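[1] Here is a sequence together with a model predicted from it:
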Amino acid sequence: WFFIKGPRSLRSMSETKWIEKSDIVALCKKVCITEKGVTGEEFCEMSFTLITVFDLVLGNAAGIVKGDMLGNTKTLQDNLKKSGKATPQEMISDEITNGDLNKLIKDAKTSTCALLWLSRALWFIYGLLEHLCNNPTASVKDCAQAGYDQSLRPHHNFVVRNSVSLCLKAAPERSKLIDLLGPDEPTVLNHFKDLLPHLKAIFGNNQTFLKEFKVMPKDEKPI
């Protein structure tokens, strides 16, 4: 885990209302699902922005959790520019056609490895937001832990799991997080309830592709 500042980093977000400042709902809706996959440029911009929610959830501990997420998004963004492809799926298809799948999955410079781990990380965020919406009395820490448990935790070793668990202890009170996200809890949750189906469609499309190309195990959750 390491810290990388993404192009759309919102380091000062703790001083603002995140939903309005980030424009995350609009950014998500700009991502199109096509026959060739999700539109890459828009997907990367949305991912960079969505990941910054950890600045509010974890404060100074956010860098540890965000590092790989931002790094994988940057890898996809850079590879899209180099390849001239419109979607991550096109790049991965070419990599697999011309390379060794087992090596591609382990090579952090490849789009195959980047999308695999970014997909798992984005499900972490999805799970956090979903639990926040569906469990009105749940703490932020518990929502984040639930999101982590259903996404990245099964793929992390003991040391990384403990590191993440320690980071999650930095989560603020639910009321404090809501205040950073928007004007009040009903407004915040309504925005997230609007956002979640779009995120699920995008993340689900990526995950289905990764399973079809045997990059990701077919029985891997959450879908």
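    In hand now; what should we look at? Numbers count the residues shown, from 1 in each chain.
[2] Only the buried residues of the helix ranked longest in the chain, if you could.
    In the chain, assigned by DSSP state H, the helix with the most residues is helix 185-212. By neighbour count on 16 or more other Cβ atoms under 10 Å, the buried set for helix 185-212 is 185, 188-189, 191-192, 195-196, 198-199, 202-207, 209-210. Backbone N, C-alpha and C define where each C-beta goes, glycine included.
[3] Correct me if wrong: residue 142 contacts residue 134.
    No: using Cβ atoms under 8 Å as the test, residue 142 is too far from residue 134 to be in contact (11.8 Å).
[4] who's more crowded, these two?
    Counted by other Cβ atoms under 10 Å, residue 142 and residue 134 do not tie: residue 142 has more neighbours, with 17 against 13.
[5] So what touches stretch 117-133?
    Under the contact criterion Cβ atoms under 8 Å, 6 or more residues apart in numbering, stretch 117-133 has outside partners 47, 50-51, 53-54, 57, 68-69, 72-73, 76, 138, 140, 142-144, 146-152, 155, 174, 189, 192-193, 195-196, 199-200, 203, 206-207, 210, 216, 222.
[6] Apply 7 Å and report the result again.
    Residues from elsewhere that reach stretch 117-133, judged by Cβ atoms under 7 Å, 6 or more residues apart in numbering: 47, 50, 53, 68-69, 72-73, 76, 138, 143-144, 146-148, 150-152, 155, 189, 192-193, 196, 199-200, 203, 206-207, 210, 222.
[7] Please state the offset of that stretch from the chain centre?
    With Cα atoms, centre = their mean, to the nearest Å as the basis, stretch 117-133 stands 6 Å off its chain's centre.
[8] Export that stretch to CSV, keeping only CA atoms.
    Taking C-alpha atoms only, stretch 117-133 is exported to CSV below (Å, rounded to 0.1, in the frame of the first residue of the first chain):
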residue,chain,number,x,y,z
TRP,A,117,-7.5,-4.9,-8.2
LEU,A,118,-9.3,-1.6,-8.9
SER,A,119,-12.6,-3.5,-9.4
ARG,A,120,-12.2,-5.1,-6.0
ALA,A,121,-11.4,-1.8,-4.4
LEU,A,122,-14.4,0.0,-6.0
TRP,A,123,-16.7,-2.8,-4.6
PHE,A,124,-15.2,-1.9,-1.2
ILE,A,125,-16.5,1.7,-1.6
TYR,A,126,-19.8,0.4,-3.0
GLY,A,127,-20.3,-1.8,0.0
LEU,A,128,-19.5,1.0,2.4
LEU,A,129,-22.0,3.3,0.8
GLU,A,130,-24.6,0.6,0.5
HIS,A,131,-24.4,-0.3,4.2
LEU,A,132,-24.5,3.4,5.1
CYS,A,133,-27.8,3.7,3.2
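[9] Could I get the pLDDT score of the residue lying farthest from the centre of the chain?
    For the chain, the C-alpha farthest from the mean C-alpha position belongs to residue 98; by Cα atoms, centre = their mean, that distance is 27.7 Å. Here the pLDDT value assigned to residue 98 is 96.
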